[in-house]
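S.K.: sequence below, structure please.
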Amino acid sequence: MKTVRMTAAQALVRFLGNQYVAFDGKEQRFVEGIFAVFGHGNVLGLGQALEENPCGLVVRQGKNEQGMAHAAIAFAKQNLCRKIYACTSSIGPGAANMVTAAALATANHIPVLLLPGDTFATRQPDPVLQQVEQPWDASVTTNDAFRPVCKYWDRILRPEQLMSAMLNAMRVLTSEAETGAVCIALPQDVQGESYNYPESFFQRRVHRMVRRAAAQEEIDDAVRVILGKKKPLVICGGGAKYSEAGDELKSFAEEFHIPFAETQAGKSAAEGTFAWNLGGIGTTGNLAANTIARDADLILGVGTRFTDFTTCSKSLFQNPDVSFIAVNTSVYQAGKMGAIKVVGDARTCLRQIADGLRKVCYQSAYRDEVRTAKSKWDAEWKRLASVKYGEKFHPEVAGQDEKKLAEFAKFNGQAIPQTAALAVINDAIPPDSIVVGASGSLPGDMQRVWVSKKKYGYHMEYGYSCMGYEIAGAFGAKLACPDREVYAMVGDGAYLMLHSELVTAVQEGCKINVLLFDNSGFGCINNLQMGNGMDSFGTEFRFRDGKTGRLNGKYVPINFAVCASGYGVRTYTAKTLGELKAALADARKQTCPTLIDIKVFPKTMTHDYDSWWHVGVASTAKKPAIRKMYDKMEENLEKAKKY
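M.R.: Numbering: from 1, shown residues only. Have a look, this model is predicted:
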């Protein structure tokens, strides 16, 4: 057996450079490159290997370990999980910063390879800088925190262990059913240790992502159930997008007159809008989808996990005879909601089910219900898009009055209703743009009102709803699609939490557009507390009042445009729709990253639409409004499915 002597880090780099995936007959390199924040735990090992010979991998310098991992995840998501970036950090806090990103990737079933440095395998020295010491287990390090949030975890204590570890890592990263975060912890001494690696370890490996058909028995079960139903509804999840099943889904809906609704991850799997596409469903869904869902007698989930937002905490589907079918690559996910399992590739399984329905010329019993539901929602959307909507606070949010609106308007000089701003943006940006979001009120508004004109233009991280993903995610999406304009849709709260990779975008000459919706606080959670009987408490950006001792003084003024301009970003401030339109037009002409600081009125977002979300309301409270909301929660729980 031919061997080559090299360090473990050098072997890792060479191995990663020779991994490929094949899907639908197309082969491409799987690992595009490595994001790195170098420290003492990785700079002389993996850093040395990359400096000496990166083996074709692009090395990009991150500014925050969590941020760069978010960018890597977004890159993989926009590439439909067929191409990735790895991420390397030092030991200790650098590694810990990536734990959140690992959880995000695993929750969303998106592949990301994390390569944190670790303490010395020899324990010489001990304790090393940034080491966490546990008196009950000397083998525990910060990297053990990755175990519960990764799909595969390993620690390389000897250089020869790298081979089995990386083969297992690729097994998981290229699995449609089991993918997520993979962590390979690299003790800094082992990174520099040498071993005679067999040349065969570095051969070109092609990992095949295969469209697996479901067992015929599962298809027969699904077809039999559908034939017995009159008003089925399809839910399009992220799995439909990664399977490229959008065209299949559209033709399925049109042929069998079965409407479909979209989850956050599934939105833009099918291109544009058409008669049978109801739009977003669930707690953040619109009136049309939720109206049809309430009476549907069958729910056919395609690539969805049936999270509580999609199902309105299991209260949305109220037909007493409703049944569930779940198409999913994962047996685990296919078993949600007590569904009939159809395990396989979304596009392939839809074709199999269609073949069965076609034999008996099946069509649903819908007549005008879908068209009527869509027309009612269209009328509501026109209202939301109007500037007049901002003249009053949303009627469903308690405790708001014209005095607070006037206070905010005086503070900013002027402001825009959030939904009106979204309408202007949706019309103004190029049709093939990619919009990236994750947290706050924007995902709810966008799932309801945003029209995705081209496939894969809606990039929402909502499996983990991680504040701070937005800008790093936009950077990763732009790396994946350099010819498309990319817009980060971010609230001021999430922007303050993490925007470090905006500097990386400037450094790389990578144009992203940040649309910063500034309502001076965590508006979504402010809505939640006030809508459940509380007062505003700790969710607005206000000074501490000297008299009350609470954070209920005047608003804290923040000029985000001035701050971002210091990074080298082209910036704008918009307080009117005219200013917003002008800023969007000028931003399109730029070649550098841009940021538009959009001042938006609080409470001018969308809300509810025949949905309910189960949150933990206090069962004992002094305020009657809170007690009332607790009773309402109990009533809704009685109506919800138990599993």
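S.K.: how about residue 15: what's its closest non-neighbour residue?
M.R.: residue 166 (5.5 Å; C-beta to C-beta, 6 or more residues apart in numbering). No exception for glycine: its C-beta is placed from N, CA and C like everyone else's.
S.K.: again, but for residue 384
M.R.: Among residues not flanking residue 384 along the chain, residue 419 sits closest, at 4.1 Å (C-beta to C-beta, 6+ apart).
S.K.: next one: residue 333
M.R.: That would be residue 305: by C-beta to C-beta, 6+ apart, it lies 5.4 Å from residue 333.
S.K.: how many other residues sit next to that neighbour?
M.R.: 22 (other C-beta atoms under 10 Å).
S.K.: check whether it really touches residue 266, as I assumed.
M.R.: No: counting by C-beta atoms under 8 Å, residue 305 sits too far from residue 266 to count as a contact (10.8 Å).
S.K.: now do the shared contacts for these two.
M.R.: residue 237 (C-beta atoms under 8 Å, 6 or more residues apart in numbering).
S.K.: follow-up on the earlier one: tell me if the residue nearest to residue 333 really is in a helix.
M.R.: No: with DSSP: H, G, I helix; E, B strand; the rest coil as the criterion, residue 305 is coil rather than part of a helix.
S.K.: that one: what's it in contact with?
M.R.: 237, 333, 336, 463.
S.K.: roughly how far apart are it and residue 613?
M.R.: 16 Å (C-beta to C-beta, to the nearest Å).
S.K.: what of residue 133?
M.R.: As judged by C-beta to C-beta, residue 133 and residue 613 stand 42 Å apart.
S.K.: before we move on, what about residue 358?
M.R.: For residue 358, the distance to residue 613 (C-beta to C-beta) stands at 39 Å.
S.K.: ok so, going back, would you tell me what helix or strand the residue nearest to residue 15 is located in?
M.R.: Per DSSP states H and E, residue 166 falls inside helix 161-173.
S.K.: got the contact list for that helix?
M.R.: Contacts of helix 161-173 (C-beta under 8 Å, 6+ apart): 8, 11-12, 15-16, 19, 30, 84, 111, 113, 151-152, 154, 156, 178-180, 182, 184, 197, 201, 205, 207.
S.K.: please indicate which of those residues are buried?
M.R.: 8, 11-12, 15-16, 19, 30, 84, 111, 113, 151-152, 154, 156, 178-180, 182, 184, 197, 201, 207 (16 or more other C-beta atoms under 10 Å).
S.K.: so which of those are in strands?
M.R.: The strands, defined by DSSP state E, take in 19, 84, 113, 152, 154, 182, 184, 197, 207 from the buried ones among the contacts of helix 161-173.
S.K.: tell me who's in contact with the fourth one.
M.R.: Spelled out, that is residue 152. 168-169, 171-172, 182-183.
S.K.: which residues does it form beta bridges with?
M.R.: With DSSP bridges applied, residue 152 shows beta-bridge pairing to residue 182.
S.K.: measure the spatially most central residue of the chain to residue 1 for me?
M.R.: Closest to where the C-alpha atoms of the chain average out (C-alpha atoms, centre = their mean) is residue 461, at 1.0 Å. Computed with C-beta to C-beta, the distance linking residue 461 and residue 1 is 45 Å.
S.K.: and for residue 495?
M.R.: For residue 495, the distance to residue 1 - C-beta to C-beta - is 54 Å.
S.K.: between these two, which one's more packed in?
M.R.: For residue 495 versus residue 1, the count of surrounding residues by other C-beta under 10 Å is larger for residue 495: 25 against 6.
S.K.: so what's that one up against?
M.R.: Residue 495 sits next to 470-471, 514, 516, 560 when contact means C-beta under 8 Å, 6+ apart.
S.K.: give me the phi and psi angles of residue 118.
M.R.: phi -140, psi 170 (degrees, to the nearest 10).
S.K.: actually residue 59, not the one I typed
M.R.: When read as degrees, to the nearest 10, the backbone of residue 59 gives phi -100, psi 120.
S.K.: buried residues, stretch 59-77. List them.
M.R.: 60, 62-77.
S.K.: what do you get for stretch 279-296?
M.R.: Those buried within stretch 279-296 under the rule 16+ other C-beta under 10 Å are 279-294, 296.
S.K.: returning to what we had before: out of residue 358 and residue 613, which sits in the more crowded spot?
M.R.: Remark: of residue 358 and residue 613, residue 613 carries more neighbours, 16 against 12, as counted by other C-beta under 10 Å.
S.K.: and the closest residue to that one other than its chain neighbours, helix, strand or coil?
M.R.: Leaving aside its sequence neighbours, residue 613 sits nearest to residue 283 (C-beta to C-beta, 6+ apart; 4.5 Å). State at residue 283, reduced to three classes by three-state DSSP: coil.
S.K.: count the residues that sit near residue 607.
M.R.: Around residue 607 there are 18 other residues, counting by other C-beta under 10 Å.
S.K.: all numbers from here: first residue = 57
M.R.: Got it, the first residue is 57 from now on, which makes the last one we talked about residue 663.
S.K.: spit out the contact partners of residue 530.
M.R.: 130, 490, 492, 542-544, 561, 568-570.
S.K.: now do residue 653
M.R.: Residue 653 sits next to 572, 574, 615-617, 620, 627-630 when contact means C-beta under 8 Å, 6+ apart.
S.K.: out of these, which end up buried?
M.R.: 572, 574, 616-617, 620, 627-630.
S.K.: which one of those residues is nearest to residue 590?
M.R.: residue 574 (23.2 Å; C-beta to C-beta).
S.K.: list the contacts of the closest residue to that closest one other than its chain neighbours.
M.R.: Leaving aside its chain neighbours, residue 574 sits nearest to residue 548 (4.4 Å; criterion: C-beta to C-beta, 6+ apart). Contact analysis of residue 548 by C-beta under 8 Å, 6+ apart lists 572-577, 597, 614, 616.
S.K.: same question for residue 421.
M.R.: Neighbouring residues of residue 421 by C-beta under 8 Å, 6+ apart: 286-287.
S.K.: can I assume it sits in a helix?
M.R.: No: per three-state DSSP, residue 421 lies outside any helix segment and is coil.
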